[in-house]
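Asks: generate coordinates for the sequence data below:
(one chain, ligands or ions: 2)
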Amino acid sequence: MSTKTPDALKQITYLAGALKAPRITDAATRLADQARDAGWSFEDYLAAVLEREVSARNASGSELRVKAAGFSARKTLEDFDWDAQPAIRPQVAALASGGFLTEARNVVMLGPPGTGKTHLATALGIVAARHGHRVLFATATDWATRLSDAHRQGRLPQELAKLRRYGLIIVDEVGYLPFEQDAANLFFQLVSSRYEHASLILTSNLPFSGWGEVFGDQAVAAAMIDRIVHHADVLTLKGASYRLRGRGIDSLPSTRTQHGAD
Ligand code: ADP
Ligand code: MG
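Replies: Numbers count the residues shown, from 1 in each chain. Ligands and ions are numbered 1, 2, ... in the order given. Prediction:
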């Protein structure tokens, strides 16, 4: 169709390569046909070509950020069955706009096992990546190991500074394992270093009242919860495990003891 301008196309291919935007060659060719057919102005044509490049870059950028985040599984808001957690739907919908990230607000998800905490934390992480934020996901135990390693090697300040460049850090499964005293202090430093600066999402099967035991120290836990919750949305997930649905099991034994007093 556009065989009229082979030299210009060759040049576009060369120039797009030099700009490290080789996709422009394809967009330029396809959109040139469309522009001729529809009688676009030169400006409209150029804008359309550049827009394709920018959206392709954004998409591949967010895909890279999703891959780099280290999610345990890819879960999205679209896959979430709201019938199982109707109460938190409006809160999650508000968070999905990504505003909490620019305001450096935190999100805490509390609830029994299998109610979708990791799913929603991951889904909000993917939202963050799509909004251009760098994201890191790991369990509380893995974060403790990472911080302890940095501390032992004398590079905790550098590690915390590096982590501050991530718009979102997800700490999954606070409370499954108790922390060592050292790890609890390091964790407190992570929370302090991000306070009012960048977001955290934490998930836990324990209510806040159980965190003192996890961190081995009521005072450290209280100071930390204070900073986390000062600017936070707390989502309380309820009900039976989604994993056990339709299997004739209503709740797990641990669910009763840990959440009986909620
Ligand atoms: P938790 O972290 O609260 O223990 P998960 O988020 O790991 O629970 O959920 C357990 C499994 O059930 C996951 O595969 C998750 O995708 C799925 N799941 C949980 N709740 C829902 C839901 N409301 N809609 C769809 N899938 C769900
Ligand atoms: Mg989980």
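Asks: tell me which element the closest residue to Q189 other than its chain neighbours falls in.
Replies: The spatially closest residue to Q189, leaving aside those adjacent along the chain, is L160, at 6.5 Å (C-beta to C-beta, 6 or more residues apart in numbering). Quick note: C-beta positions are derived from backbone N, CA and C, even for glycine. Under the assignment given by DSSP states H and E, the secondary-structure element containing L160 is helix 156-164.
Asks: and that helix, what does it pack onto?
Replies: Contacts of helix 156-164 with other secondary structure elements, assessed using 3 or more C-beta pairs under 8 Å, 6 or more residues apart in numbering; DSSP states H and E, are made with helix 140-152, helix 181-194.
Asks: how about these, which one is nearest I12?
Replies: helix 181-194 (45.5 Å; C-beta to C-beta).
Asks: show residues contacting that closest one.
Replies: If you take C-beta atoms under 8 Å, 6 or more residues apart in numbering as the criterion, helix 181-194 is touched by 104, 140, 143-144, 147-148, 151, 156, 160-161, 163-164, 169, 179, 200, 215-217, 220-221, 223-224, 227-228.
Asks: at 7 Å what do you get?
Replies: With C-beta atoms under 7 Å, 6 or more residues apart in numbering as the contact definition, helix 181-194 has outside contacts at 143-144, 147-148, 151, 160, 164, 169, 179, 200, 215-217, 220, 223-224, 227-228.
Asks: pull the CA atoms of that helix into CSV?
Replies: Coordinates of the C-alpha atoms in helix 181-194 are reproduced here as CSV (Å, rounded to 0.1, in the frame of the first residue of the first chain):
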residue,chain,number,x,y,z
GLN,A,181,14.4,-9.5,68.9
ASP,A,182,16.9,-8.3,66.3
ALA,A,183,14.6,-8.8,63.4
ALA,A,184,11.8,-7.0,65.2
ASN,A,185,14.0,-3.9,65.7
LEU,A,186,15.1,-4.1,62.0
PHE,A,187,11.5,-4.3,61.0
PHE,A,188,10.7,-1.3,63.1
GLN,A,189,13.4,0.6,61.2
LEU,A,190,11.9,-0.4,57.9
VAL,A,191,8.5,0.9,59.0
SER,A,192,10.1,4.2,60.3
SER,A,193,12.1,4.8,57.2
ARG,A,194,9.0,4.6,55.0
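Asks: now do the contacts for the residue nearest the centre of the chain.
Replies: The C-alpha lying nearest the average C-alpha coordinate of the chain belongs to G125 (C-alpha atoms, centre = their mean; 1.5 Å). Shown here is G125, whose contacts under the criterion C-beta under 7 Å, 6+ apart are 69, 71, 135, 137, 168, 170.
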